[in-house]
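> Please work out how this folds:
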Amino acid sequence: MYFLMNAIGVLVVLGIVYLLSPNKRNVKWKFIVLLLIVEFLITWFMLSTKIGTWTINKIASFFTWLISCANEGISFVFPSAMANEHVDFFFSALMPIIFIITFFDILSYFGILTWIIDKVGWLIAKVSGLPKLESFFSIQMMFLGNTEALAVVRQQLSVLSQQRLLTFGIMSMSSISGSIIGAYLSMVPATYVFAAIPLNCLNALLIANMLNPVEVSKEEDIVFVPEKGQRKDFFSTVSNSMLVGIRMVIVITAMVIGYVALTAGLNGILGFFVHGLTIQKIFSFIFSPFAYLLGLSGKDTMYVAQLMGIKLATNEFVAMLDLKDKISTLAPHTVAVAVTFLTSFANFSTVGMIYGTFNSVVDEEKSHIIGKNVWKLLVSGMAVSLMSAMVVGLFIW
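Numbers count the residues shown, from 1 in each chain. Next up is the predicted model:
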């Protein structure tokens, strides 16, 4: 019965997203089905074969190496902060942006990144039905994170239409950052963290196809390459990349502080009228039907719904810390779907981070497309998390 509910859950989430789509006629069902088939095959490969786990770990190790390089620079300037066993969010997730942007800008300078975007994007586009750049972006943000991945392709974003920019915003709700994978692994099983990463990538493509279907001609489906006259010398490019990185860190920090503070303020107002009422509790009741559709029983349903509410109102870190303390008492299926659901940046703070990033990399007029479509970003983030958890749940009982 619970397996059946889990399977029905996939159809329910897809149905709700379709009903919310403002452009239903252009939804490409061929690619939706194709993406689902690929998801099931990848999930089987990762959860049922040793080589699957080994492959994901090798990919993750490259991005972990990038973060370790970034940490060398951060440690030189902030030695006491980095020496702390529990490095805070600012140093672990935001400061590495400076080096990551610089590293990929160097690849772009020599034409390496644009070549990879063109070839890998073409391959993923065959499955996703989206343009090459959007398809490559979904792969890129699997480990880089949304803000870093957006910064890496910022030259490409500057020449896109608002509708295509919205696709990037929608997809950005479903990423994590390679800089905090280690923190996740210290709290929850690695298997489900690494399973969630590629599934989030594929589901981001799937949900974007439904919420914001776009038609791009062959002439438009190209990777933008700046003319030689627009390119600066190598050292100017590197220095500029670092300055872009620190500006992004400042903007994103402001957004995160503001949104977390607003949540605390809203909880204070709610608590004044109803003792103990918080936005997290409200969301947990709203999401309880979806927790049931994850194939959970009784008390596990309400507990996972509570984790969903915590994630949306605050962040996945707080929810994972709660799960860590109870994980030994939960059934394998509950652990699998809960960890998979939590492994992504899908909350109100993330919307602020994305808007801040767009403000930094494209002009203000273009970035307004994010502010006008916040509901699409939130629907996308939650739908992708639910889809990934439901697919994993079908394989773990």
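> how far out from the middle of the chain is the longest helix seen in the chain?
Criterion DSSP state H: the longest helix present in the chain is helix 234-273. Centre-to-centre, helix 234-273 and its host chain are 17 Å apart (CA atoms, centre = their mean, to the nearest Å).
> can you tell me the average pLDDT over that helix?
In this model, helix 234-273 carries a mean pLDDT of 83.
> Give me the buried positions along that helix.
241, 244-245, 248-249, 251-253, 255-256, 259-260, 263, 267, 270 (16 or more other CB atoms under 10 Å). Every residue, glycine included, has its C-beta placed from N, CA and C.
> how many neighbours does residue 39 have?
Residues near residue 39, counting by other CB atoms under 10 Å, number 21.
> can you pull the pLDDT of it?
On pLDDT, residue 39 comes in at 88.
> separation between it and residue 338?
Per CB to CB, to the nearest Å, residue 39 is found 19 Å from residue 338.
> next one: residue 292
For residue 292, the distance to residue 338 - CB to CB - is 14 Å.
> any shared contact partners between those two?
By CB atoms under 8 Å, 6 or more residues apart in numbering, residue 292 and residue 338 have no common neighbours.
> what about the two, which has more around it?
residue 338 (29 against 20).
> Give the phi and psi angles for that one, as a check.
phi -70, psi -50 (degrees, to the nearest 10).
> Check residue 290 too.
The phi/psi pair for residue 290 (degrees, to the nearest 10) is phi -70, psi -30.
> List the contacts of it.
Residue 290 neighbours (CB under 8 Å, 6+ apart): 9, 13, 305, 308, 386.
> cool, and residue 378?
Neighbours of residue 378 in contact, by CB under 8 Å, 6+ apart: 173, 312, 346, 348, 351.
> ok, 10 Å please
By CB atoms under 10 Å, 6 or more residues apart in numbering, the contact set of residue 378 is 170, 173, 312, 346, 347, 348, 350, 351.
> got the contact list for stretch 4-19?
Under CB under 10 Å, 6+ apart, the answer for stretch 4-19 is 24, 27, 29, 32, 36, 39, 203, 206-207, 209-211, 289-297, 333, 337, 376, 379-380, 382-387, 389-395, 397.
> Show me what the longest helix of the chain is packed up against.
Applying 3 or more CB pairs under 10 Å, 6 or more residues apart in numbering; DSSP states H and E, we find helix 234-273 packed against helix 96-109, helix 146-152, helix 279-292, helix 298-313, helix 348-361.
> Would you mind getting the angle between that helix and helix 279-292?
100 degrees (axes from the mean of the first three to the mean of the last three CA atoms, to 10 degrees).
> burial measure for the closest residue to residue 246 other than its chain neighbours, as a count.
Spatially, and ignoring its direct neighbours in sequence, residue 246 is nearest to residue 98 (5.8 Å; CB to CB, 6 or more residues apart in numbering). Residues lying near residue 98 (other CB under 10 Å) number 23.
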